[in-house]
Structures are given as structure tokens and as C-alpha cells.
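Asker: Sequence below, structure please.
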Amino acid sequence: MKIFLLFLLSVIFFPVAYGEKIVEEGGIISDLIVSDNSEIFFFELDDTIKSPTWIHDTYIMTSDGYDTHKVSDVLFIFPTELNEFEDHLYFAVLSDQCLEDIICDYQEIIKMSKDGSFETISTNLKSAIHIFIENKNLFVSESNGNIWRIALDGHEKELLYHGENIIMDIAASKNMVYWIEEIEDMDSRILGISNEKELEIIDEDLSIPYDLRVEDNILHWNDISIKGKQGKLGEFTTIKTFEDNSVRTILEFENTSPIALKNISSYGPYRTFGDYVFVVNNTQNDSIIHLLGMEDNTKYDVTTIIDYDVKFLRNDVSNLYVIGINDDGFVIEHFSLPVSVPEFSSSVLLVMPIIGLSLIVFLRKSFPN
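Answerer: Numbers count the residues shown, from 1 in each chain. Take a look at the predicted model:
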């Protein structure tokens, strides 16, 4: 059945998709999520506000594909970890005590109604925190080794785990919480803990794991490594899963990088989608977005991007959102996927992978204003 569906995709349903620009000439866009009704929410830096230190300068924005506007007129200090649950958004911001102090590293969690009203539900968390919503709870990791379970109203807070290493990402499913723990540079592992607080090692000896997530109750993550290929070094991404107490590698591909080999497909931003992955091929003059089958490595061209550089991808079950940058600013482009495939997960809610606060700061300072 799956092979037949892939045949239909390639022969009938996958002409080049045409996009519709939702945002053009925007400020710096650092995250985007797609709600259940295909409304999007994202962070947009007001790049007319200039300061060498942290300052209130970022809006929470929304768009239905036609109208784009602020959820609230309030500016926040570099928000991250955008999540949605029912009628509210949840995200982290740098604390007001970080104003005018570039090395401050305390964060707070904001609960914001989609009408723009908001409240702070947790404070004094050690950056860079990560947030995951599961079973009406916030699971929050601090970089100093703490894992918390916090009620959605912030009134109940329980410490689930304390370690000595930096925590890079977090996810939860059923009665388990999972996280990436960096032991030292290029040496990380993935741990899990049950409601009974029994600790389990899921995977170890990982180079640069990130983007820990749960799709259809299956744990996924990625690992970046440097290895030789045809006598030269290349950077590779491996996508793994954990299901039924077993770790499985489902796809490996070469990333686009300064040392990538010419004339060999190598990829930049990507997004898993059920049993498939969207990848951006940056080896040509214009970037091409492919759809790869993770089971059989089949490849289909989705669209070609000609007027901006792709920074990251998001999607729901029938739409692909491409976030990029050109000389005029940031762009969000929307593509309607030509077909909905039954194997595609209907529960995908995508969050931009961020590896530590140092990378957050790097991205913020590196993109042109």
C-alpha cells in the first residue's frame, strides 16, 4: 500500500507546488507553530529597535494566511519555546532582570490567551529552558540539570529530576519524560524517567543530538556527526526513533556545509513528517525542497525556492510553511501540499530546534537587522 501511495505521489499528485507569501520584508522570525485550524503563530523581532543588550523588542504574531497581526501590542525580551494548548500559547522569555544585561540567563514562562491577555506562571528558571506540553502539564528543563512538571496555571510545580549536566531538550509521552543531557562536548545521551521516577538510558555516545519530539507516541531525535565520505569529511544528520524499548536509525543524510561535496545531494533545513522528511537541497543556485521516504529513500521534488534562503520549515498535515531571509528581510511562504497521505502523522506540531542559549544569541546577532 505504501509503495502504491508513493507511486501516486510521484506520478499524479506531485507537480511543483506553488506558494503564497504570508509575510514579506518581516523582522527576524525565530519560531513558528501551526495550530489545529492552520492558523500560525510566530515570534517577530522589531528590527527598528536597536540595542547592544537585551531589551523588549519582539512581538507575538499570528496569521490565518490572509491577515497578519500582533496577538498583543506588548513587546517581550527574546521569547523562545513557542507551544500551544487549546486557547493559549505558552513560551519562555528572558526575565526583566536581564534588561540592559547581555549575559543574564534567567527565564520566565508566559501563558498567553489568543486574545492577547497574558500572565507569568513561572519565574527564575535557568536558561536555556525547554518546554513540552503533555497531559495538561508543562514539562520544563533547565540548563542546570533540573526537570520540572508544572501545572498549566503555574500553581503546582514538582521537581522530577536533578542532574549535574546541561539539558538540551525535553519531550514527554504517556507516563515518561525524556531529555537530552550533554555530558561534555560531542558526548551526549538521551535519558527518560517514569512517573515512578525510575531513570532509564535511552541512547548514548551521541555527538550533537537535538530536536527531541514525540509523534504518534514514538520518540524521535536527530544527531549530527562528522565522518568521512569518498576521502573527504562531511557533516551528517541521523534521524532515530525509540519504540517498544528499541532504538532504530531510520534515515541518514549529508548536510549542506562549507565542506560538503559538490554534485552530491546535501541538505540544510529539514522537517520530519510521519514516515517522510522534507529537506532543502542547497547545492544548486536555487534551493529545492524534496520529500524523502524514510523507509526506502525515495525522493520527490516539492518546489523550488528562488528569491530567499531557507532558514527553517514547519508543517501541518496538509500545508508546508517555509521561513527564509533575503536582502529585504524575513519571509514566510505557505505551500498547500497536493495530497494528504494516511501514513502522515496528524499530531505533528513543530518547534524549531535550538541547541543552547549560546546558539540563540548567535542567531539573533548574526542575522541582518
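
Asker: May I have the phi/psi pair for Gln97?
Answerer: Dihedral pair for Gln97: phi -70, psi -10, per degrees, to the nearest 10.

Asker: Next one, pLDDT for it please.
Answerer: What the model reports as pLDDT for Gln97 is 90.

Asker: now swap in Ser366 and tell me
Answerer: So Ser366 comes in at 30 (pLDDT).

Asker: can you pull out the helices in the protein?
Answerer: 2-8, 356-366 (DSSP state H).

Asker: pretty sure Gly324 is touching Leu313, no?
Answerer: No - in this structure, Gly324 is not within contact of Leu313 by CB atoms under 8 Å, at 9.7 Å. (C-beta placed from N, C-alpha, C; glycine too.)

Asker: Those two: which has the busier surroundings?
Answerer: Leu313 (25 against 20; other CB atoms under 10 Å).

Asker: pretty sure the more buried one is touching Asn319, no?
Answerer: No - look at Leu313 against Asn319 with CB under 8 Å: they stay out of range, at 11.1 Å.

Asker: circling back to that earlier point, can you flag the weakest of the helices of the chain by average pLDDT?
Answerer: helix 356-366 (a mean of 30).

Asker: And the residue lying closest to Trp148 once chain neighbours are set aside, how far from Thr120?
Answerer: In space, not counting the residues next to it along the chain, Trp148 is nearest to Val140; the distance is 4.5 Å by CB to CB, 6 or more residues apart in numbering. Taking CB to CB, to the nearest Å as the measure, Val140 and Thr120 are separated by 14 Å.

Asker: Return every residue with contacts to both of the two.
Answerer: Ile109 (CB atoms under 8 Å, 6 or more residues apart in numbering).

Asker: So between the two, which is more surrounded?
Answerer: Val140 (25 against 13).

Asker: Verify the stated contact: that one with Asp169.
Answerer: No - counting by CB under 8 Å, Val140 stays clear of Asp169, with 11.7 Å between them.

Asker: who touches both of those two?
Answerer: Common neighbours of Val140 and Asp169 (CB under 8 Å, 6+ apart) are His130.

Asker: how about Ser95, what does it touch?
Answerer: Neighbours of Ser95 in contact, by CB under 8 Å, 6+ apart: Ile77, Cys104, Tyr106, Gln107, Glu108, Thr123, Asn124.

Asker: ok, now with 7 Å
Answerer: Ser95 makes contact with Cys104, Tyr106, Gln107, Glu108, Thr123 under the criterion CB atoms under 7 Å, 6 or more residues apart in numbering.

Asker: Nearest to Asp47, out of these: which one, please.
Answerer: Using CB to CB, Cys104 comes nearest to Asp47 of the contacts of Ser95, at 21.2 Å.

Asker: Report how many residues lie close to the closest one.
Answerer: Close neighbours of Cys104, defined as other CB under 10 Å, add up to 17.

Asker: State the distance from the closest residue to it other than its chain neighbours to Met168.
Answerer: The shortest distance from Cys104 to any non-neighbouring residue, by CB to CB, 6+ apart, is to Cys98 (3.2 Å). Distance, Cys98 to Met168, by CB to CB: 21 Å.

Asker: now do Asp211
Answerer: 10 Å.

Asker: now swap in Tyr270 and tell me
Answerer: Distance of Tyr270 to Met168, given as CB to CB: 19 Å.
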